[in-house]
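[1] Provided below for reference: sequence and predicted model.
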Amino acid sequence: MKTKTSKKAISARRRETMAAYGFLTPNLIGFLAFTSIPVIISLVMSFMHWNIFRAPTFVGADNFRSLLWFHREHGRLAPNDPFFWQYVGNTVFLMIGIPIGMAGSLITALMMNRKLRGIVIYRTIYFLPAVCSGVAMLILWKYLYNSDIGLINTTLRSIGIANPPDWLGTTFWAKPALILMGLWGGLGGYNTILYLAALQGVPSSYYEAAEIDGAGPWQKFWAVTWPMISPTTFFILIMSIIGGFQTGFMTANVMTGGGPAGSTTTIEYYLYQTAFEKFNMGYASAVAWFLFAVILVLTLATWKLGGRVVTYD
Amino acid sequence: MIRSRLFGNIAVYLLLTVGAITMLVPFLWMALTSIKQPGEVFAAGGGIKWLPDHFLWRDTIVHGEKIRAWWGNYPDAWNEISFLRLYLSSFFVAIVGTFGQVLTSSLAAYAFARLRFPGRDKLFFAYLATMMIPGSVTMIPVFVIMRKLHWIDTYQALIIPGLFSAYGTFMLRQFFMGLPSELEDAAKIDGSGHVGIWMRVTLPLSKPALATLTTFTFMGFWGSYMWPLVVTITEPLRTLPIGLRYFVGQHATNYTQLMAGSMIALIPVLLLFIFNQRYFVEGIKLSGMGGK
């Protein structure tokens, strides 16, 4: 009797395993073909010279040495690939927009969190740019910034500024112009919605307790709101930085061509140019692995740090 | 107290209104530019010019000069970049891709959430780990694979690599785990197999999560830019963003037509958003992107 049931149990378990692999197969094929195997290929490629039309040759750590290392030039250390470091600098520079944008999103969310009549209309309007993101939006901004006909410069001229800057045409103004565009697009976007959700999750009893203690609005914000929403702030910050290392392709491709003088070329755009314009697949893979390393370090640091700087309720 | 609250509210309204105007003005400028005559984009002397000089319903000769109807740029732009084809192409890719991705994700999520099999937790961890890998790492090898398969410039290349998503699997798995198992047990007693339970119990109970994943996946396919640019060469396969990109390249100074083209590209998205406004906001909360 006993052996019979255990046999039954074993065959039931086997059937469950079979079913599980049946359910998993379509996904697993995709996982292998488009993620795990490509990651291995990418790693192998990063140790090769390969311009797609000829057979690849193994070159050891050559790509990484050219990409990341330095040599002596006129008695000084010079990077082997100065462009790469310029583009890393551009990518980091463009992240100045992250804290400014977060502050803007938080202020917007705080205002929208008030129980005001007609607030839904405001939410819709503020969310509009985030929804419309994409090529059409970039085209619009390219012409808003146009030095002759653009809305921005025509406005500046009409208020008496005779020679407004050529926004996307000068190395000095191109990056600030892109940051400004990002702020406009993000003010009412996903981050604001995340903040709104977080604000709505703060129990009102906390505010009442603070009021009884005689706290004003300013003190209530810093003593209650800010610590309570810190997980959201932390989440947005990290996701924005991780995302920030992987953006800039579309903007460069549609609006600036990465210029002037490479001033709006990001790591991602450099990777695209290397892989799909110069067909230098090995070198591009090395760039990709540099990105991967940066993101890995950031993610692990987040994991470690997360518990310490964030107040979880 | 009441008085200070009132002043506070007025200040908030003022600030919000200034912000709202800032959000809307670029769109307004785009809309107004798209209905102007080619020569009148800006005022003489380089100042702002908001309104077109003429607003006519049909092409008319005014003082011996041919003035076009206000909507004239739209059919021009529509024909110039064959929008119909771009829309159909984009829709096809987005619908097939989204359906496929939600299907494979929900199947795998069911296995991870409800079935016991050797290696389950390790495999799930591997899925999670790959969510950290930047898209640019896998993009180059996947391009090479597409090339080896002779899939460059085919719909397969646009759709098939997007049919699988670790994120979608993860999100649905989390949702399935939270479903009460009583209904599934009842279905089991009634003799349902796993496919029956997945189809008749799990999926119907997961409508909000499925709808969220569908929305985000669709938006992802619809707005996808780099991958279609890499794998499409000829015109028939181009999706909407790629078609628009070529349009700018070829008509960089034809401002009125460009703005009309951008409007045509945006209008469906705008309508969709305005009608589902509430849903977008709820969807983000549901997708667990709250950071808690």
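    Done, it's in.
[2] For chain B, just list every one of the strands.
    Assigned by DSSP state E, the strands in chain B fall at B:60-62, B:65-67.
[3] Tell me which of the ones you listed sits nearest to residue A:34.
    strand B:65-67 (54.3 Å; CB to CB). Heads up, the C-betas are built off the backbone N, CA and C, glycines and all.
[4] Who are the packing partners of that closest one?
    strand B:60-62 (3 or more CB pairs under 8 Å, 6 or more residues apart in numbering or on different chains; DSSP states H and E).
[5] tell me the most buried of the strands of chain B?
    Neighbour counts (mean count of other CB atoms under 10 Å in any protein chain shown) averaged over each of the strands of chain B peak at strand B:65-67, with a mean of 12.
[6] Give the rounded mean pLDDT of it.
    For strand B:65-67, mean pLDDT is 77.
[7] contacting residues around it?
    B:37, B:54, B:56, B:59, B:60, B:61 (CB atoms under 8 Å, 6 or more residues apart in numbering or on different chains).
[8] again, only this time at 7 Å
    Outside of strand B:65-67, the residues within contact range by CB atoms under 7 Å, 6 or more residues apart in numbering or on different chains are B:37, B:54, B:56, B:59, B:60.
[9] coming back round to it: put together JSON lines for the strands of chain B, with distance to residue A:241 on each row.
    Shown next, in JSON lines, are the strands of chain B (distance: least, CB to CB, whole Å):
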{"stretch": "strand B:60-62", "distance to residue A:241": "56"}
{"stretch": "strand B:65-67", "distance to residue A:241": "52"}
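[10] which of the contacts of strand B:65-67 count as buried?
    B:37, B:54 (16 or more other CB atoms under 10 Å in any protein chain shown).
[11] follow-up on the earlier one: out of the strands of chain B, which comes closest to residue A:121?
    When the strands of chain B are compared (using CB to CB), the closest one is strand B:65-67, at 36.4 Å.
[12] Name the strands paired with that closest one and say parallel or antiparallel.
    strand B:60-62 (antiparallel) (DSSP bridges).
[13] that older thread, for the contacts of strand B:65-67, which one is nearest chain A?
    residue B:37 (13.6 Å; CB to the nearest CB).
[14] Any regions of chain A where pLDDT drops low?
    Scanning chain A for pLDDT under 70 picks out A:1-6, A:306-313.
[15] What ranges does it have for its strands?
    Here chain A has its strands, by DSSP E, at A:48-49, A:57-58, A:70-73, A:76-79.
[16] And the contacts of the first one?
    Residues from elsewhere that reach strand A:48-49 (CB under 7 Å, 6+ apart): A:56, A:57, A:58, A:59, A:282.
[17] Within its sheet, name the partner strands of it and how each one runs.
    strand A:57-58 (antiparallel).
[18] Any chance of the strands of chain A in JSON lines with distance to residue A:175 and mean neighbour count as columns?
    Shown next, in JSON lines, are the strands of chain A (distance: least, CB to CB, whole Å; neighbours: other CB atoms under 10 Å in any protein chain shown):
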{"stretch": "strand A:48-49", "distance to residue A:175": "33", "mean neighbour count": "18"}
{"stretch": "strand A:57-58", "distance to residue A:175": "38", "mean neighbour count": "10"}
{"stretch": "strand A:70-73", "distance to residue A:175": "25", "mean neighbour count": "10"}
{"stretch": "strand A:76-79", "distance to residue A:175": "20", "mean neighbour count": "11"}
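[19] which residues touch the residue nearest to the spatial centre of chain A?
    Nearest residue to the geometric centre of chain A (CA atoms, centre = their mean): residue A:243, 1.5 Å. Not one residue lies near residue A:243 by CB under 7 Å, 6+ apart.
[20] can I get the strands of chain A in TSV with distance to residue A:213?
    TSV is the format used below for the strands of chain A (distance: least, CB to CB, whole Å):
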stretch	distance to residue A:213
strand A:48-49	66
strand A:57-58	69
strand A:70-73	58
strand A:76-79	56
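[21] Residue B:11 is nearest to which of the ones you listed?
    strand A:76-79 (50.9 Å).
[22] What pairs with that closest one, parallel or antiparallel?
    Using DSSP bridges, the strands paired with strand A:76-79 in its sheet are strand A:70-73 (antiparallel).
[23] what sits up against the partner strand?
    The contact list for strand A:70-73 (CB under 7 Å, 6+ apart) reads A:77, A:78, A:79, A:80.
[24] Any idea how far that strand is from the middle of the chain?
    Centroid separation for strand A:70-73 versus its chain: 33 Å, with CA atoms, centre = their mean, to the nearest Å.
[25] what's the answer for stretch A:115-135, then?
    21 Å.
[26] for residue 141, what are its contacts?
    All of this is about chain A. For residue A:141, the contact set (CB under 7 Å, 6+ apart) comprises A:181, A:255.
[27] Oops, wrong one, chain B.
    Counting by CB under 7 Å, 6+ apart, residue B:141 makes contact with A:38, A:41, A:42, A:45.
[28] Drop anything exposed from these.
    A:38, A:41, A:42, A:45.
[29] Near chain B, list only the ones from these.
    Applying CB under 7 Å from any CB of the partner chain to these, one finds that A:38, A:41, A:42, A:45 fall near chain B.
[30] Can you report how many residues neighbour residue B:30?
    Neighbourhood size, residue B:30 [other CB atoms under 10 Å in any protein chain shown]: 22.
[31] hmm, back to that, turn the ones next to chain B among the buried ones among the contacts of residue B:141 into JSON lines, columns for distance to residue A:215.
    Shown next, in JSON lines, are those (distance: CB to CB, whole Å):
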{"residue": "A:38", "distance to residue A:215": "55"}
{"residue": "A:41", "distance to residue A:215": "59"}
{"residue": "A:42", "distance to residue A:215": "54"}
{"residue": "A:45", "distance to residue A:215": "59"}
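[32] got the end-to-end distance for stretch B:38-55?
    Terminal residues of stretch B:38-55 are spaced 13 Å apart (CA to CA, to the nearest Å).
[33] before we move on, back to that, between the strands of chain A, which one is closest to residue A:129.
    strand A:76-79 (37.4 Å).
[34] got a list of contacts for that closest one?
    With CB under 7 Å, 6+ apart as the criterion, strand A:76-79 contacts A:70, A:71, A:85.
[35] Quickly note the distance from the residue of the stretch 1-150 of chain A found nearest chain B to residue B:97.
    Nearest residue of the stretch 1-150 of chain A to chain B (CB to the nearest CB) works out as residue A:30 at 2.4 Å. For residue A:30, the distance to residue B:97 equals 12 Å [CB to CB, to the nearest Å].
[36] and stretch B:177-193, what's its mean pLDDT?
    Per-residue scores along stretch B:177-193 average to 85.
[37] Run the contact check for that stretch versus chain A.
    No: using CB under 7 Å from any CB, stretch B:177-193 stays clear of chain A, with a minimum separation of 7.6 Å.
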